[in-house]
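[1] how would this look folded up:
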Amino acid sequence: MRRSSTSIIWGKPADFNLTIIINIIITMKWSFLAQLFPLAAAATNLTIEAGYHVIYSYPGLTPPSHLFDLIKAGKVGGLIIFGENVNDELPATIQKFQDAYTESPAHTGSPLLIMTDQEGGDIRRLPGGPELSAKDVGKAKSPEEAAADTGKSAAAALDEYHHNANLSPILGVYRENGDFLDHYERSYGNTSSLVGKCASSFIKAQQSAGVLATAKHFPGLGLAKTNENTDERPVTINATLDTLRKVDEAPYYSAVKAGVDMVMPSWAVYPAMDSKPAGLSSAWLKELRERIGFKGVTISDAIEAGALKEFGDDAARAVLATQAGMDIILASARDVSQGQKVVDALVDGLKHEKISKESFEEGSKRILELRKKIH
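    Okay, here's the model as predicted:
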């Protein structure tokens, strides 16, 4: 604004005090800028909306300063925390993230999503519970009670470190002793009924304690062999659609009935439905929403996963996943620039109509509704 305009404002009588002026500026800043610079405002708003859809990560114990700048600019929807990020200062660091976010034009009153994998047993990023693995829970005298206890324990650990979302539980129904999920003790059991009951108990207990839960990896990795890890390489699950629906999908009905907040689709390929990985498949995401009835937020597995090596770089993969109907992209390579590239790719996809704006906005609404649940 020119100096003459400023001098007129400050030349008003005493009834115009500093507080009133600041409030006017805060209230009008975005509409004012939008009127002066409509194209710039549109681009900014698009970038902010894309930011809601991306979870960032960073290396080591000390987050880079430009991550805070990105948060303040509204380009970050949340963060995933790994073991390498954890020390006694982590709660204070996360509070700094949240404080920075309150200065962001993307801030709507709800905090950033702060998440990790706190499954139980050996799969824990934070100190604290659950000490029992999913396999231990499934073998307990009262599996449902044990699952509820682990859900509470996970929530307590996450709350202590200022997290509000957990990428757990796993709903895979393992088939053979020593296969991928059983080997790492990440499955509750080898029947859909047991897995569904345990997962529901975990979800209800954790969410009642104020921590968002995630059912993964839809439609299931129960048939993956010991060395079939989608983080490392492409995995194909050769099962009939009838088997997948009757066995692998079955626990998801229980999870949806329990009110699970998020679902993470798998990066495995299930040829009975589609030749593309489930998380890049509109057919599988349609199955999740229309057949199973899930109304919440979908979140991708690691976008840098080896299973996606044939689908371009991380930015290209993010666009493909979003085209298929994915709501949130998990940029978990411990590289802040990865998240930036994903946001830029989503903005470009929207500008050039490679991504449906209507579908994207529906996802934005789901994400914002999800964040309202966080206290």
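[2] and Asp274, which of the three is it?
    coil (DSSP: H, G, I helix; E, B strand; the rest coil).
[3] Ala154 versus the nearest residue to it once chain neighbours are set aside, what's the distance?
    Once flanking residues are discounted, Asp274 sits nearest to Ser281: 4.2 Å by CB to CB, 6 or more residues apart in numbering. Backbone N, C-alpha and C define where each C-beta goes, glycine included. Look at Ser281 and Ala154: by CB to CB, to the nearest Å, they are 29 Å apart.
[4] More neighbours: which of those two?
    Ala154 (29 against 22; other CB atoms under 10 Å).
[5] Would you quantify the distance from Tyr253 to Glu304?
    Tyr253 is 31 Å from Glu304, by CB to CB.
[6] can you check Gly151 too?
    In terms of CB to CB, Gly151 sits 29 Å off from Glu304.
[7] neighbour count winner among those two?
    Between Gly151 and Glu304, Gly151 has the larger neighbour count (other CB under 10 Å), namely 31 against 19.
[8] element containing the more buried one?
    Assessed by DSSP states H and E, Gly151 sits inside helix 143-160.
[9] Can you give me the distance of the nearest residue to Arg371 once chain neighbours are set aside to Thr102?
    With CB to CB, 6+ apart as the criterion, Arg371 has its nearest non-adjacent residue at 3.7 Å, and that residue is Ser110. Taking CB to CB as the measure, Ser110 falls 11 Å from Thr102.
[10] who's more crowded, those two?
    Taking other CB under 10 Å, Ser110 and Thr102 do not tie; Ser110 has more neighbours (17 against 12).
[11] Give me the below-cutoff pLDDT ranges for the stretch 151-300 of the chain.
    For the stretch 151-300 of the chain, not a single residue meets the criterion pLDDT under 70.
[12] Give the buried residues for stretch 326-342.
    Using 16 or more other CB atoms under 10 Å as the test for burial, stretch 326-342 gives 326-336, 338-342.
[13] so where do the strands sit in the stretch 101-250 of the chain?
    Counting by DSSP state E, counting those that start in this stretch, the stretch 101-250 of the chain has strands at residues 113-116, 118-120, 123-124, 165-166, 214-218.
[14] okay if I get those as CSV plus distance to Asn229 and mean neighbour count?
    Formatted as CSV, the strands of the stretch 101-250 of the chain follow (distance: least, CB to CB, whole Å; neighbours: other CB atoms under 10 Å):
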stretch, distance to Asn229, mean neighbour count
strand 113-116, 19, 24
strand 118-120, 15, 27
strand 123-124, 13, 18
strand 165-166, 21, 28
strand 214-218, 11, 25
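[15] Tell me the spatial nearest neighbour of the residue most central in space within the chain, not counting adjacent residues.
    Geometric centre of the chain, nearest residue: Ile299, 4.6 Å, by CA atoms, centre = their mean. Take Ile299 and drop its neighbours on the chain: the residue closest to it by CB to CB, 6+ apart is Ile328, 4.1 Å away.
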